[in-house]
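1. give the three-dimensional model of this entry:
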Amino acid sequence: MSDGTPPPGQAPKSAYFLAHEDEEVERRTLAVIVDNEPGVLARVVGLFSGRGYNIDSLTVAEVDASQHRSRITIVTQGTGHILEQIEAQLLRLVPVAEVIDITNSKRGIERELALVKVAGTGEKRVEALRIGEIFRAHVIDTTNESFIFEVTGASDKLTQFIDLMRPLGLVEVSRTGVLSIKRGKEKG
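-> Residues are numbered from 1 along each chain as shown. The predicted structure is shown next:
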């Protein structure tokens, strides 16, 4: 059907089928401050999976031991309407104290860390080191046949670095997922 819905008699596979063709899909980074207690992450992730929303990146760690609070950073995509629903539904969960939209904040900063293993000798090895310098990647382990680079920055920067390493002998990648915070003295 032209409105993005599945054929009659077939259930939608995800919430994204509810979007109309004229609605633009946006990427959004949300910082969710939650009580640090068992099952909270499962409830947050369950909210996404139960409604057919996808999580592109997910990081979580305790950020305030005295108040038993954790910060869950979620990167997701959807239309404006779907993203508003996600925020509203997150706020309805009892252990959620706050939802901060980092993407729509002009003061938002997002970073990711990746460990990138590259195997190569000769010219490919020299080229991998040269590109590593350009991207300000740190060599944190080396052998005669391989390097492990540590690189931080915006997700696009990491993806570009990884893509450049592919023809030079990319072996393995480990990424943290997006971390986010707002500039300035205010919390968020």
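
2. what about residue 102, distance to residue 33?
-> 12 Å (C-beta to C-beta, to the nearest Å). No exception for glycine: its C-beta is placed from N, CA and C like everyone else's.

3. now the helices for this protein?
-> 40-50, 80-92, 122-134, 155-169 (DSSP state H).

4. can you put these in CSV and add distance to residue 184?
-> CSV is the format used below for the helices of the chain (distance: least, C-beta to C-beta, whole Å):
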stretch, distance to residue 184
helix 40-50, 26
helix 80-92, 22
helix 122-134, 31
helix 155-169, 23
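
5. could you list the buried residues of stretch 69-78?
-> 69-76, 78 (16 or more other C-beta atoms under 10 Å).

6. so for the longest strand that the chain contains, mean pLDDT?
-> Counting residues, the longest strand found in the chain (DSSP state E) is strand 108-119. Averaged across strand 108-119, pLDDT comes to 96.

7. just stretch 135-142 next, same as before
-> For stretch 135-142, the per-residue pLDDT averages 98.

8. which residues does the most centrally placed residue in the chain contact?
-> Centroid-nearest residue in the chain: residue 57, 2.8 Å away (criterion: C-alpha atoms, centre = their mean). Residues in contact with residue 57 (C-beta atoms under 8 Å, 6 or more residues apart in numbering) are 73-75, 112, 155, 177-178.

9. that one and residue 148, how far apart?
-> From residue 57 to residue 148 the distance is 22 Å (C-beta to C-beta).

10. check residue 179 too.
-> Per C-beta to C-beta, residue 179 is found 20 Å from residue 148.

11. before we move on, what about residue 110?
-> 24 Å.

12. what does residue 81 give?
-> For residue 81, the distance to residue 148 - C-beta to C-beta - is 43 Å.

13. of those two, which one has the most company?
-> A side-by-side neighbour count of residue 81 and residue 148, using other C-beta atoms under 10 Å, places residue 148 first with 18 against 13.

14. the more buried one reaches residue 114, doesn't it?
-> No: with contacts counted by C-beta atoms under 8 Å, residue 148 stays clear of residue 114, the gap being 10.4 Å.

15. what pLDDT does residue 75 get?
-> Value for residue 75, per-residue pLDDT: 96.

16. not counting sequence-adjacent ones, nearest residue to it?
-> Leaving out its chain neighbours, the residue that sits closest to residue 75 by C-beta to C-beta, 6 or more residues apart in numbering is residue 57, at 3.8 Å.
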